[in-house]
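Visitor: Could you look at this predicted model? Sequence included:
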Amino acid sequence: MREQTSPGSSQVAVLGGGCFWCVEAVLQDLRGVISVQPGYCGGHVDHPTYEQVCGKQTGHVEVARVEFDPAQLSYSDLLRVFFATHDPTTPGRQGNDVGPQYESAIFWQNDTQRDEARAVMAEIEAQHVYDAPLVTHLREPATFWPAEDYHRNYFAQHPEQGYCQFVIAPKVAKFRKQFHDRLKR
């Protein structure tokens, strides 16, 4: 499903960078981001559940649907933050999270986003930001299926949970340090 936008309105990006709790926790603090919603995209099962996606048979990727204001945050800059806050060089894996649902993926919503994503990826490769090549999948628009309600704002609601303390908190701290000038005030 392609997102329709008009000049001066918000835009949508759909990004998979491992566990959607991590992507949501990082991007919701970025200036220009209006909302972040965890969900699933790219598979062949309608209305997938978390358990089905974790079973690795749906073809879905854990993603974050990011609504942003392009007057405050360009799509290219959003992608630069996305690439800086996960490992886009490990296929089907982010740290100890392993499986096809954790792939690095960009589901472009229109031709302009597709072209900008290609340009940002080429820029990152040319700058040798990573020691290995990018394995991020640039994927066509697909239906976004919202995750179950208990996944929304997971990090904010469960900061004492082990995964939040040992995986999400360090990513958020690194993001806040690296992009301190881009945080919401």
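Guide: Ah, there it is.

Visitor: Show me what the lowest-mean-pLDDT helix or strand in the chain is in contact with.
Guide: Every helix and strand in the chain was compared by mean pLDDT, DSSP states H and E; the lowest is strand 93-94, with a mean of 91. Strand 93-94 is contacted from outside by G17, G18, C19, C22, H86, D87, G99, Y102, S104, using CB atoms under 8 Å, 6 or more residues apart in numbering. To be clear about C-beta, it is placed using only N, CA and C from the backbone, and glycine gets the same treatment.

Visitor: which residues touch N153?
Guide: Counting by CB under 8 Å, 6+ apart, the residues that N153 touches are E24, Q28.

Visitor: all numbers from here: first residue = 898
Guide: Got it, first residue is 898 now, which makes that one N1050.

Visitor: What distance do you get for it to G952?
Guide: 25 Å (CB to CB, to the nearest Å).

Visitor: you'd agree L924 is up against V960?
Guide: No: using CB atoms under 8 Å, L924 is not in contact with V960, being 11.3 Å away.

Visitor: Please enumerate the shared neighbours of those two.
Guide: L912.

Visitor: mind checking how far the lengthiest helix in the chain is from the chain centre?
Guide: Selection of the longest helix in the chain by residue count, based on DSSP state H, yields helix 1008-1023. For helix 1008-1023, the gap between its own C-alpha mean and the chain's C-alpha mean amounts to 15 Å (CA atoms, centre = their mean, to the nearest Å).

Visitor: Beyond it, next helix or strand please.
Guide: Next in sequence after helix 1008-1023, counting helices and strands by DSSP states H and E, comes strand 1034-1036.

Visitor: Which residue ranges of this structure form strands?
Guide: Remark: strands of the chain, listed N- to C-terminal, are 908-914, 930-938, 958-965, 990-991, 994-995, 1001-1004, 1034-1036, 1041-1043; assignment by DSSP state E.

Visitor: Kindly state which of these is positioned closest to R1015.
Guide: Closest to R1015 of the strands of the chain, according to CB to CB: strand 1034-1036, at 6.8 Å.

Visitor: who touches that closest one?
Guide: G939, E1000, S1001, A1002, I1003, F1004, W1005, R1011, A1014, R1015, M1018.
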